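Enquirer: Okay, sequence plus prediction incoming.
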Amino acid sequence: MKSPPPRLAKASSLVATKATAHTSRTAANPLSGIKAARMAEPAAYIWLYRNDHDWLTETTADMVRAVRVPPPRVDWDARDRQLADQVRKVALEMFETQAIRRIRLSQLYQRIPELKAKILRLDRMPLTRAAILAVVGQVRTG
């Protein structure tokens, strides 16, 4: 039986070296996941990915995968009640303390910064829209 050509013998020793580096890293941190293994030994991971992809995917199949948690949904009703209360409270304060007869929307923006960001979503916040209309009058959105 012939021995493998030197090029293949060198490749198999490289595979062994890279696989050992990757395996020792993942064995030391079994709960770290694929990304952490890739970040800890980038050269070994890249080499294995390019040259022995089957072994790499087989080895990493049992590793912990990141669980994606969707962002929390917006509770538009609660946001609407809160913003409407703020608009009424600020308007009342402006009428009483500053004796302002006519409140402009820009004045509300100055005192309630998050209102400007939500003004284009008044279709989802009927209480806030009604509060603004009661205080300011006509509201032009976008």
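Expert: Thanks, I have the structure now.

Enquirer: Pick out the residue nearest the middle of this structure.
Expert: Residue closest to the mean C-alpha point of the chain, counted by Cα atoms, centre = their mean, is residue 71 at 7.1 Å.

Enquirer: was I right about residue 111 contacting residue 90?
Expert: Yes: between residue 111 and residue 90 there is a contact at 4.8 Å, judged by Cβ atoms under 8 Å. The way it works is simple: take the backbone N, C-alpha and C, and place the C-beta from them, glycine included.

Enquirer: In three-state terms, label the residue nearest to the centre of the chain for me.
Expert: What DSSP: H, G, I helix; E, B strand; the rest coil gives for residue 71 is coil.

Enquirer: From what I see, residue 63 and residue 37 are in contact.
Expert: Yes: if you go by Cβ under 8 Å, residue 63 and residue 37 touch, sitting 7.1 Å apart.

Enquirer: For these two, indicate the residue with more neighbours.
Expert: residue 37 (23 against 16; other Cβ atoms under 10 Å).

Enquirer: how far out from the middle of the chain is the helix or strand hosting that one?
Expert: In this structure, residue 37 is located in helix 34-40 according to DSSP states H and E. Its chain's C-alpha centre and that of helix 34-40 lie 20 Å apart, by Cα atoms, centre = their mean, to the nearest Å.
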